[in-house]
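Chemist: Fold the following and give me the result.
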Amino acid sequence: MIAGTKRVVTEVRAQLLDAAVADIRPVLRQSSTEHQHETGVGAMSRQRIDGPGRLLHTRMSRRAVLGGLGAAAAAPFFLKAGSRAFGQTAGKISTLVVAVEEGDTRTLDPQGANELTVPIFLKALYDQLTTFPGSSFSKVAGDVAASWRVSPDGLTYVFNLDPRVRFSDGSAVTPDDVVFSLRRQKYLKGPASWFQDGVASVNKTGPSQVTVKLTSVNPDWLFLLTSPFLSIANSSVLEHNGANDATSAATTDTARAWIDQHSAGSGPFVLDAWSHGSQLTMHRNPLYWGKPSPLERIVFRFEKNATTQRDLLVRGDAHIAANLTPDLAAELATSKTVGILNIPSLGFPWLGFHVNRNPALKTPQSWEACKYALDYDGMAKIYRGAGQFTAGVIPPGLPNALPVSERFKRDIPRAKAALVAAGYPKGFTFELTYASDQVFWNVPASIIAAKVQGDLAHVGITANLRPVPSTQELTDFRAGKLEAVIHEWGADYIGWTDFLPVFAPGGHVAAPRQGWTPEFSPQAKQIADLSAEAVKTLNPAKQQQLCYQAQRLMNQVGPYCWLWEGNIQIGYRKDVIKSMATNPVWFFDVGSIQLV
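Modeler: Residues are numbered from 1 along each chain as shown. Prediction:
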């Protein structure tokens, strides 16, 4: 039985999650993300990363095994293809085998990575200043930081480090390590360096204290610090192997090759070896400062094919299958030995319109006609367990998300009335672009595009489908060249500021990609102002009120149709794994696993 994702916000959301993980028990571990991911190919290797200053990757991100301690721990262990997890298929095991798509994983550098799958690996090898307890993410808990205080103006954070935290070489984590890690992450100027765009300074202010000053208020700053891309590493070890935190680090840091085959963290596991395209192995950290894992080794066996992952899981050759498709997950729903986790991803595909590319798509009435022509309930039969309804741009489960009861529902009379108001009583025609090789949580974009096309035809709207490679779709979308698009956005970190400000008029998606600016209309200006005010507001009640107002108005007059929130579907052996914490960013925490 596995700890399912517990989310806070609406009663409706709670009911959805209870139904999805009815047999899952919560497990608390430790006191333990990129700007908006835009996903592409594969559930765990979809093109997730994109946004201002970001690189395109086939996204899903993070965490190879060797056995024992001493001399044995120094020799990398490799699981032979077809071997049965050392003959251990039920009950207590010492080696956990995870079948997972390697996807776009390009480095294990905790300050230089920002891909979709790599957070799984980094979470096992490193700790962060803050974390989430177990599967809950309603509030943060301490990890490397034992406590903190925030100034009344929300611009200064003082962190007191936990004296128990030790790196895998036994040395204590110090303020110098924290300062080095955060500075290096910033100055490497990698795909996740934007995480520190609002950081004015990071300084050691005491023997076990670090102070971070921000240039502007960020109500999600403590949440952002949970990201494995802001992991704390052993500065002396990294410096010895070519790393530095100088402002020139982007061109002078040479540690990546070493980091890709070694780890320098304080997490529950230590990296043994990473063989691209084959597997990644790690062994239990004998000096881990927290509760030790019952597992001696973990083997991440890289397997692209979801059916092969399913077969490995059913045979007992793997204990976790990380990239199941909705149909495969549904097949396993009644299995006595395999369980399915549906982890809400805090991401969604949407149908978006450029406000200036097609005369018929320049008015909110035309957008309204599309919103109410879509058959959202019928779409749910396509994505099945791979998603659920969402009411607004902030996904359910996050603070300030609209109640799911306010979601769009098909209303043909309303759609036809909107067409009349738009001046197109018989409908109109537009070009709808989508990535032909893209999947939305393992649901092919082509299937969704065909469904959207068919739904719109019911009210006389003709969507001429234009399938293109994902690289072309993303390039054209970023450049604002597309009349309409079906695209995907996901959580780079767990926080509402990763969504509302981005899609509000003038935001990173709204303006450059869809041409929607505050100057478009008085309502657009109002939404932009509400969003900006919410970001500066520290009072939770007032902040929620502002976010609700902005989202409701956005739903009325915005160029977006929210299709659904995606789920990450993971299979696991119920006869082996008793509990496991899950999370929308690092998916599952191998360090939290408890065995049957």
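Chemist: Pull out the buried positions in stretch 289-307.
Modeler: 289-290, 293, 295-303, 306 (16 or more other Cβ atoms under 10 Å). (C-beta placed from N, C-alpha, C; glycine too.)
Chemist: taking those residues one by one, which sit in strands?
Modeler: Those of those mapping onto strands are R297, I298, V299, F300, R301, F302, per DSSP state E.
Chemist: T308 is in contact with the last one, correct?
Modeler: No: checked against Cβ atoms under 8 Å, the pair F302 and T308 is beyond contact range at 10.9 Å.
Chemist: Please identify which pair of the buried residues of stretch 289-307 lies farthest apart.
Modeler: Largest separation among the buried residues of stretch 289-307 by Cβ to Cβ: W289 and A306, giving 36.8 Å.
Chemist: Just the buried positions in stretch 372-384, please.
Modeler: Y372, A373, L374, D375, Y376, M379, A380, I382, Y383, R384.
Chemist: no wait, stretch 407-415
Modeler: Buried positions in stretch 407-415, judged by neighbour count with 16+ other Cβ under 10 Å: R407, F408, R410, R414, A415.
Chemist: would you turn those residues into JSON lines with distance to A255, secondary structure and pLDDT?
Modeler: Converted to JSON lines, the buried residues of stretch 407-415 look like this (distance: Cβ to Cβ, whole Å; DSSP: H, G, I helix; E, B strand; the rest coil; pLDDT from 0 to 100):
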{"residue": "R407", "distance to A255": "47", "secondary structure": "coil", "pLDDT": "98"}
{"residue": "F408", "distance to A255": "48", "secondary structure": "coil", "pLDDT": "97"}
{"residue": "R410", "distance to A255": "54", "secondary structure": "coil", "pLDDT": "98"}
{"residue": "R414", "distance to A255": "58", "secondary structure": "helix", "pLDDT": "98"}
{"residue": "A415", "distance to A255": "56", "secondary structure": "helix", "pLDDT": "98"}
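Chemist: right, and out of the buried residues of stretch 289-307, which lies closest to V98?
Modeler: Nearest to V98 out of the buried residues of stretch 289-307 is F300 (Cβ to Cβ; 4.9 Å).
Chemist: Run through the bridge partners of the spatially closest residue to the closest one that is not a sequence neighbour.
Modeler: In this structure, F300 finds its nearest non-sequential neighbour in L280, 4.3 Å apart by Cβ to Cβ, 6 or more residues apart in numbering. Taking DSSP bridges as the rule, L280 bridges to W274, F300.
Chemist: residues touching L280, list them.
Modeler: R63, A64, E102, F121, L271, A273, W274, V299, F300, F302 (Cβ atoms under 8 Å, 6 or more residues apart in numbering).
Chemist: which of those lies closest to S208?
Modeler: Within these, the smallest distance to S208 is 27.1 Å, found for L271 (Cβ to Cβ).
Chemist: which SS class is that closest one?
Modeler: strand (DSSP: H, G, I helix; E, B strand; the rest coil).
Chemist: mind checking the SS state of the residue lying closest to it once chain neighbours are set aside?
Modeler: Among residues not flanking L271 along the chain, S263 sits closest, at 3.9 Å (Cβ to Cβ, 6+ apart). Three-state call for S263 (three-state DSSP): coil.
Chemist: Can you report how many residues lie near S263?
Modeler: By other Cβ atoms under 10 Å, the residues close to S263 number 28.
Chemist: Would you confirm that it contacts D169?
Modeler: No: using Cβ under 8 Å, S263 is not in contact with D169; the gap is 10.4 Å.
Chemist: next one: the biggest helix by length in the chain to chain centre, how far?
Modeler: Looking across the chain with DSSP state H, the single longest helix is helix 540-557. Centre-to-centre, helix 540-557 and its host chain are 23 Å apart (Cα atoms, centre = their mean, to the nearest Å).
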